[in-house]
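K.L.:
model the structure of this input:
(one chain, ligands or ions: 1)
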Amino acid sequence: TNQSWLWHVAFKNKQFIQMKKYLSILLILVAIGFTATGKPRKATPVVQPRVEPTFWWTGMKNPQLQLMVHAENIGTTRVALAYPGVRVIGVTAVENPNYLFIDLDLSGAQPGKFEIQFQKEGKTVALAPYELKVREPGSAWRKGFNSSDAMYLIMPDRFANGNPGNDEVTGMKEKPDRSTLMGRQGGDIKGLKDHLGYIADMGFTAIWLNPLLENDMPTFSYHGYATTDFYKVDGRYGSNEEYREFAEAAREKGIKLIMDMIFNHCGSEHWWMKDMPMADWINFYPDYKITTHVRNANQDPYASSYDKAMFSDGWFVPTMPDLNQRNPYLATYLIQNSIWWIEYVHLAGIRMDTYPYPDKEVMAEWNRLITEEYPDFNIVGEEWYLNQAVLSYWQKGKVNIDGYRGDLPSLMDFPLQNAVSTALRDPGTGELMKIYECLANDFQYPDPGNLVVFPDNHDMTRFFVQVNRDVSLFKMGIGFFLTTRGIPQIYYGSEIMMNHTGTHDSEYRKPFPGGWDGDPINGFTGLGLTAQEKEIQQFTQKLLNWRKGKEVIHSGKMTHFVPFDGCYVFFRYNDHEKVMVVLNKNSQETALKTDRLAEMLTGCSGAREVISGKEVTSLSSLTLPPKSISIFELKK
Ligand code: CA
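P.N.:
Predicted structure coming up:
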């Protein structure tokens with residue numbers, strides 16, 4: 001392949017030289033034309049190339065910055081830059097002459113603006129203004145999301161339409177269409193900002209937004225996973241500035257912001273797809289192959305190179321070209337892009353999409369570079385697998401037999417999601433054993449307390465449907481996830497028990513009622529909610545707000561018991577507090593004999609049940625309502 005590349009480059013250069021010849025002749029003709037008509041001769045037009053990152057900051061731990069410059073024939077120019085403290089340490093022209101990569105060292109730079117000149121035969125043919133901004137004080141030491149938080153997952157197109165004026169954006173391919181759930185509904189940043197009060201009152205302390213970068217795709221663009229510009233918020237959600245303002249407003253309300261990022265792929269309408277920097281920018285291009293989705297090719301000691309490549313280099317879907325992170329310029333581009341958004345909107349975390357699909361060495365490097373820049377930051381990866389061995393392989397601190405160090409701080413706990421869902425749904429109380437066994441496998445994780453736990457998300461049937469629309473089982477599940485170890489995440493609408501009958505994924509991404517003018521039901525105000533939906537909302541709100549101040553739930557130890565008498569019992573405790581949680585799956589009232597719990601109950605004289613507020617004076621036998629969760633704050 002190397003030889004064919006070289007040939008390719010040589011051929012391109014030859015074409016370019018020929019093109020240059022024609023251009024010169026054309027220019028002479030134009031010049032003659034002007035002179036003949038007696039008009040003044042026009043100066044050579046100066047173009048403004050695209051430069052990314054669009055700006056940067058001084059005072060970063062890593063003083064190096066690589067700029068990607070894109071403009072016609074920019075690769076044939078000479079770079080001139082004069083700004084105190086900024087040193088050009090490398091300029092690289094690549095096989096496509098329309099790109100130039102500039103390596104800068106900013107060690108001694110002060111914040112300010114300057115120009116980058118691109119010259120040809122002594123003349124400036126292109127000019128790029130650039131800015132180095134001042135970092136916010138304490139930026140490096142921001143606190144990432146952690147187990148003291150409860151995360152609210154929102155799909156921006158589906159939450160609230162605060163600005164109907166941006167539902168349709170001139171020049172963008174897909175128009176709004178509310179006649180189908182597969183169309184864009186018009187939700188936006190303004191809608192999110194308008195309802196920050198609701199989110200904070202509910203007791204959430206973090207928001208994970210599904211991606212909001214530009215997805216200028218002809219159809220099915222509402223989910224946001226086909227990025228067409230890594231530096232631009234989609235116009236139908238708002239602007240970069242609005243995103244930043246939203247993050248600030250959230251921060252003032254004590255809510256951390258987590259950004260959804262995608263390293264594995266971009267959208268097929270991404271601007272660089274029409275003019276790629278290098279032939280190896282995209283895997284399997286142009287004759288793409290679809291990924292096998294056999295994700296444990298990453299861990300499999302017997303995996304063939306063929307299967308590894310077919311998994312990791314195959315495209316997710318035909319509209320999402322697979323990015324080749326092994327190309328060092330692309331890797332740097334993506335890593336800098338993450339840092340840019342962290343710094344620009346003051347993020348408290350990243351949720352990385354399709355975590356096992358990109359190149360695993362580059363992902364590890366990404367984790368390390370982000371953590372070096374922001375030591376208290378948090379990142380959660382989506383590895384949708386039900387085997388803890390596969391998940392734990394990625395987590396920071398894991399000693400793997402193949403020597404791989406993933407350095408990923410957190411993962412989405414899909415095994416626990418599945419265990420709880422099936423333990424509740426499948427008939428019989430013995431099924432509770434699935435929860436016990438799942439958590440017993442925590443020995444494989446270096447840090448199980450940093451996993452994100454959740455009843456459902458935007459990619460799965462809503463939790464209410466998972467538990468056969470049984471309100472009691474639903475409450476047991478929500479209560480469990482808000483008290484077990486880890487960082488709970490609740491999907492928007494679960495707090496009002498959103499439901500669906502269809503099976504297409506757009507069904508579990510329905511608009512939140514009350515987010516659109518004229519909605520007959522309003523989840524924000526409670527108008528039109530059923531008594532049961534209201535009860536669930538109050539239940540969720542009560543537990544979230546209780547959890548907020550409970551260090552014992554955030555970071556306490558955990559001890560659980562093998563399920564008995566149709567109940568699963570676990571304790572969370574630290575030096576000051578002890579909480580006992582009981583899931584009773586029996587369909588009738590149950591007297592829980594507590595003798596076997598003696599090691600945890602010794603020294604406790606009574607309890608207060610958090611949901612009902614009832615006081616318990618005797619712990620020798622506890623009466624549990626049918627199909628219920630009880631949370632007892634134990635008294636010494
Ligand atoms: Ca809108």
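
K.L.:
neighbours of residue 551, how many?
P.N.:
13 (other Cβ atoms under 10 Å). For the C-beta atoms, the positions are set from N, CA and C on the backbone; glycine is no exception.

K.L.:
do the same with the one 4 residues further on
P.N.:
Counted with other Cβ under 10 Å, residues neighbouring residue 555 total 14.

K.L.:
how about the closest residue in space to it that isn't next to it in sequence, phi and psi?
P.N.:
The shortest distance from residue 555 to any non-neighbouring residue, by Cβ to Cβ, 6 or more residues apart in numbering, is to residue 147 (6.0 Å). Here is the backbone geometry of residue 147 (degrees, to the nearest 10): phi -70, psi 0.

K.L.:
isn't residue 147 right up against residue 552?
P.N.:
No: using Cβ atoms under 8 Å, residue 147 is not in contact with residue 552; the gap is 11.2 Å.

K.L.:
before we move on, the earlier item: distance of the residue nearest to residue 555 from residue 544?
P.N.:
Residue 147 sits 14 Å away from residue 544, going by Cβ to Cβ, to the nearest Å.

K.L.:
could you do residue 123 as well?
P.N.:
63 Å.

K.L.:
next: residue 247.
P.N.:
Counting by Cβ to Cβ - residue 247 and residue 544 are separated by 21 Å.

K.L.:
the more surrounded of these two?
P.N.:
Per other Cβ under 10 Å, whichever of residue 247 and residue 544 has more neighbours is residue 247, with 24 against 21.

K.L.:
make sure I have this right: the more buried one is in a helix.
P.N.:
Yes: the assignment for residue 247 by DSSP: H, G, I helix; E, B strand; the rest coil puts it in a helix.

K.L.:
mind listing what it touches?
P.N.:
Going by Cβ atoms under 8 Å, 6 or more residues apart in numbering, residue 247 touches 257, 345-347.

K.L.:
can you put the residues you listed in a markdown table and add distance to the ion, neighbour count and pLDDT?
P.N.:
Listed next are the contacts of residue 247 as a markdown table, based on distance: Cβ to the ion, whole Å; neighbours: other Cβ atoms under 10 Å; pLDDT from 0 to 100:
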| residue | distance to the ion | neighbour count | pLDDT |
| --- | --- | --- | --- |
| 257 | 20 | 20 | 98 |
| 345 | 20 | 20 | 97 |
| 346 | 24 | 17 | 96 |
| 347 | 23 | 23 | 98 |
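
K.L.:
going along the chain, name the strands of the stretch 401-550 of the chain.
P.N.:
410-411, 452-453, 487-491 (DSSP state E, counting those that start in this stretch).

K.L.:
and the contacts of the second one?
P.N.:
Taking contacts as Cβ under 8 Å, 6+ apart, the residues outside strand 452-453 that touch it are 151, 380, 410-413, 416-417, 481, 484-489.

K.L.:
and of those residues, the nearest to the ion?
P.N.:
Nearest to the ion among the contacts of strand 452-453, counting by Cβ to the ion, is residue 151 at 24.0 Å.

K.L.:
and the closest one, what are its bridge partners?
P.N.:
residue 206, residue 489 (DSSP bridges).

K.L.:
residue 572 versus residue 603, what's the distance?
P.N.:
Relative to residue 572, residue 603 is positioned 16 Å away (Cβ to Cβ).

K.L.:
one step back: so which of the contacts of strand 452-453 is the closest to residue 94?
P.N.:
residue 380 (33.9 Å; Cβ to Cβ).

K.L.:
quick check: residue 139 vs residue 251, distance?
P.N.:
13 Å.

K.L.:
residues of this structure that sit close to the ion?
P.N.:
161, 163, 166-167, 186, 188 (Cβ under 5 Å from the ion).

K.L.:
going through those, which ones are buried?
P.N.:
Buried subset of those (neighbour count, 16 or more other Cβ atoms under 10 Å): 161, 163, 166-167, 186, 188.

K.L.:
returning to that earlier point: among the contacts of residue 247, which ones are in strands?
P.N.:
Counting by DSSP state E, the contacts of residue 247 place residue 257 in strands.

K.L.:
now, which of the contacts of residue 247 lie within helices?
P.N.:
Counting by DSSP state H, the contacts of residue 247 place residue 345 in helices.

K.L.:
spit out the contact partners of the residue of the stretch 201-350 of the chain found nearest the ion.
P.N.:
Closest residue of the stretch 201-350 of the chain to the ion, Cβ to the ion: residue 236 (6.4 Å). By Cβ under 8 Å, 6+ apart, the contact list for residue 236 reads 157, 166-169, 172, 176, 184, 186, 188.

K.L.:
report the two of the contacts of strand 452-453 separated the most.
P.N.:
Maximum distance among the contacts of strand 452-453 (Cβ to Cβ): 16.3 Å, for 380 and 484.

K.L.:
neighbour count: those two, which is higher?
P.N.:
residue 380 (26 against 22).

K.L.:
is the more buried one in a helix, a strand, or coil?
P.N.:
strand.

K.L.:
also the one 3 residues further on?
P.N.:
When the structure is split into helix, strand and coil by three-state DSSP, residue 383 lands in coil.

K.L.:
that one contacts residue 355, correct?
P.N.:
Yes: with contact defined as Cβ under 8 Å, residue 383 counts as touching residue 355 (5.0 Å).

K.L.:
now the residue nearest to the spatial centre of the chain. Nearest residue, chain neighbours left out?
P.N.:
Nearest to the geometric centre of the chain sits residue 260, at 2.0 Å (Cα atoms, centre = their mean). Distances taken as Cβ to Cβ, 6+ apart place residue 211 nearest to residue 260, at 4.5 Å, with adjacent residues excluded.

K.L.:
surely that neighbour and residue 263 touch.
P.N.:
No: using Cβ under 8 Å, residue 211 makes no contact with residue 263, being 11.9 Å away.

K.L.:
pLDDT weak spots in this protein?
P.N.:
Counting by pLDDT under 70, the ranges of the chain that qualify are 1-44.

K.L.:
the same query, at a cut-off of 90, please.
P.N.:
Residue ranges of the chain with pLDDT under 90: 1-46, 136-137, 620-621, 636.

K.L.:
so where's the longest strand in it?
P.N.:
Criterion DSSP E: the longest strand present in the chain is strand 123-133.

K.L.:
return the distance of it from the chain's centre.
P.N.:
Here strand 123-133 is found 32 Å from its chain centre; the criterion is Cα atoms, centre = their mean, to the nearest Å.

K.L.:
buried ones in that strand?
P.N.:
125-126, 128, 130, 132.

K.L.:
same check on stretch 133-150?
P.N.:
139-140, 142, 144-150.

K.L.:
contacting residues for residue 117?
P.N.:
79-81, 124, 126-127.

K.L.:
how close does the residue nearest to residue 555 get to residue 164?
P.N.:
Distance, residue 147 to residue 164, using Cβ to Cβ: 39 Å.

K.L.:
what are the boundaries of the helices in the stretch 51-200 of the chain?
P.N.:
Using DSSP state H, counting those that start in this stretch, the helices assigned to the stretch 51-200 of the chain run over residues 189-194, 196-202.

K.L.:
winner for burial among the ones you listed?
P.N.:
Neighbour counts (mean count of other Cβ atoms under 10 Å) averaged over each of these peak at helix 189-194, with a mean of 23.

K.L.:
what about it, distance to the chain center?
P.N.:
On Cα atoms, centre = their mean, the centre of helix 189-194 falls 19 Å from that of its chain.

K.L.:
against which helices or strands is it packed?
P.N.:
Other elements packing on helix 189-194 under the criterion 3 or more Cβ pairs under 8 Å, 6 or more residues apart in numbering; DSSP states H and E are helix 240-252.

K.L.:
thinking again about what came up before, okay, the contacts of residue 236 in a markdown table with distance to residue 450 next?
P.N.:
Below are the contacts of residue 236 laid out as a markdown table (distance: Cβ to Cβ, whole Å):
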| residue | distance to residue 450 |
| --- | --- |
| 157 | 30 |
| 166 | 37 |
| 167 | 39 |
| 168 | 42 |
| 169 | 39 |
| 172 | 38 |
| 176 | 39 |
| 184 | 35 |
| 186 | 36 |
| 188 | 32 |
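
K.L.:
hmm, back to that, need the max-distance pair from the contacts of residue 247.
P.N.:
Counting by Cβ to Cβ, the most remote pair of the contacts of residue 247 is 257 and 346, 7.5 Å apart.
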